[in-house]
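*Asks:* build me a model from this:
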Amino acid sequence: MMFTVLGSGGFIGGQLVDALEAIDRAAVYAPLPKDRADISDEIFDRDLGHVFYCIGLTADFRSRPLDTVKAHVCLLRRLLDRGRFESLTYLSSTRVYEGAATTDESTILQVDPTNPGQL
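*Replies:* Residues are numbered from 1 along each chain as shown. Sure, this is the predicted structure:
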């Protein structure tokens, strides 16, 4: 099986690469672009197999709102538009359930657009 890990230079992506490489018969492609929060155009020239999208900003996202949107939304959109893959799993360290009563899939998420911590 072919796996592609985007964001493999970060903690989550790096741990995932290690786990996937331990699986017998798993081929792992983990490109590391010069800018950790970007996708190189070369990935659009190949079949990516099962993609894990781990790109994102964590600690400094409040002070870099445009970079945060680029990493969590814009780059993902490019991949959805141009990528050739069998499946895509989006792994995020964002706090989408912060303040919610539960963390199940049916939870209604409330966002305060004036709170930079909820970007």
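*Asks:* quick one: contacts of the helix or strand of the chain with the lowest mean pLDDT?
*Replies:* Using mean pLDDT, DSSP states H and E, the weakest-scoring helix or strand in the chain turns out to be helix 65-69, at a mean of 84. The contact list for helix 65-69, computed with CB atoms under 8 Å, 6 or more residues apart in numbering, reads 37, 56-57, 61, 116, 119. For every residue, glycine as well, the C-beta is placed using N, CA and C.
*Asks:* which stretches of this protein form helices?
*Replies:* 11-21, 65-69, 75-82 (DSSP state H).
*Asks:* list the buried ones in the second one?
*Replies:* Within helix 65-69, the residues scored as buried using 16 or more other CB atoms under 10 Å are 67-68.
*Asks:* send me it as CSV with only the CA atoms.
*Replies:* The C-alpha coordinates for helix 65-69 follow below in CSV (Å, rounded to 0.1, in the frame of the first residue of the first chain):
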residue,chain,number,x,y,z
PRO,A,65,-3.8,34.2,10.9
LEU,A,66,-3.1,34.3,7.2
ASP,A,67,-0.5,31.5,7.4
THR,A,68,-3.0,29.5,9.5
VAL,A,69,-5.7,29.8,6.8
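*Asks:* next one: that helix to chain centre, how far?
*Replies:* 14 Å (CA atoms, centre = their mean, to the nearest Å).
*Asks:* likewise for the first one?
*Replies:* With CA atoms, centre = their mean as the basis, helix 11-21 stands 13 Å off its chain's centre.
*Asks:* helices or strands up against that helix?
*Replies:* strand 2-6, strand 27-29 (3 or more CB pairs under 8 Å, 6 or more residues apart in numbering; DSSP states H and E).
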